[in-house]
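Asker: using only what follows, build the 3D model:
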Amino acid sequence: MRRRLSPTEVYPAHDPRVRDRFITVREVRTRIVEAGPADGRAVILIPGWASSAFEYRKNTPALADAGFRVVAVDLPGQGESDKPVDRSHYTVESMVAHLRAVLDAVGVERASLVGQSLGGTVAMAFARESPERVERLVLIAPVGLAPVRLASLARAIVPPLPAALLARLGVRAWWSFGLRHAYGDRAKPTDRDIDEYWAPSRDPRYVAGLLAFVRGVDWRPSAREVLAKLSMAVLVVAGTRDRLIPIDEMVRRAKWLPNAELVVIEGAGHPIQEEVPDEVNDALVRFLRS
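Answerer: Reported below is the predicted structural model:
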């Protein structure tokens, strides 16, 4: 039987290319992972649901090597950040406010945002509210651009559950199944990858926070007129084997963005930046430098 990784064992432990620290914003102790020169153009990495800065482990060093100041954020309830019990934290509006406070705390006035999955929804909402603070926008298999399969059903059937039962839901098998299903044909997650995703469930409030996200977030795609307001340069990265968000819908709706570029990666699944990091890194560096 495998054990959960401790806070000192999880990423970025043993990776000298990156460093992590904690800051407290909006009364939430928040972990950030940083790399690159302090005077580089800022790139903020926003993970998806049930994820953390670990999901960008194969991208952060490449961006730093390209001269960018990289800050990956564990949002409230995610990764090694605090896991508040107040459900008001688990909405897109709250996540946007939290992200804005993080940027203020680390001294970043303007940055490019990279959001994967639910992180894409947060990035788009931030860009709509504070376009003057967003240089460029990267959306990797983003929620909010196209419908999410079974999201409405999940939102309808997820009930409030007692703490004892929630703790029992934090078994490794759930994370193993979810991650293996999320990947496409180009690579498969390792046992260590699964352990990293599973590790935050050592906190009994973690699963409760994830379920609060399911109920607190509007998982429906943005309307055409809403997407049209994102006037900055946008890069959309999609995989043809994404089982969560239909590729055809992502391609169709990406055209509604006024200044968008679309990169479609054959055979890649939902966590594209993990599965085919070299292709994604090439696209990221080229786009962010242009």
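
Asker: could I get the pLDDT score of residue 94?
Answerer: Note for residue 94: predicted pLDDT of 96.

Asker: correction: residue 211
Answerer: 88.

Asker: which residue ranges of the stretch 101-250 of the chain form helices?
Answerer: Assigned by DSSP state H, counting those that start in this stretch, the stretch 101-250 of the chain shows helices spanning 118-129, 151-157, 163-168, 172-182, 191-198, 206-216, 224-227, 247-254.

Asker: out of those helices, which gets nearest to residue 145?
Answerer: Closest approach to residue 145 among the helices of the stretch 101-250 of the chain (C-beta to C-beta): helix 247-254, 5.3 Å. (Glycine included, C-beta is placed from N, CA and C.)

Asker: ok, residues contacting stretch 253-264?
Answerer: Stretch 253-264 is contacted by residues 145-146, 221, 224, 227-228, 230-240, 247, 251, 283, 287 when judged by C-beta atoms under 8 Å, 6 or more residues apart in numbering.

Asker: and those, which are buried?
Answerer: The neighbour count (16 or more other C-beta atoms under 10 Å) marks 145-146, 221, 227, 230, 232-239, 247, 283, 287 as buried among the contacts of stretch 253-264.

Asker: quick revisit: and the helices of the stretch 101-250 of the chain as CSV, adding distance to residue 79?
Answerer: CSV is the format used below for the helices of the stretch 101-250 of the chain (distance: least, C-beta to C-beta, whole Å):
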stretch, distance to residue 79
helix 118-129, 12
helix 151-157, 21
helix 163-168, 18
helix 172-182, 13
helix 191-198, 9
helix 206-216, 9
helix 224-227, 29
helix 247-254, 26
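
Asker: which of those helices has the lowest average pLDDT?
Answerer: Among the helices of the stretch 101-250 of the chain, helix 151-157 scores lowest, with a mean of 53.
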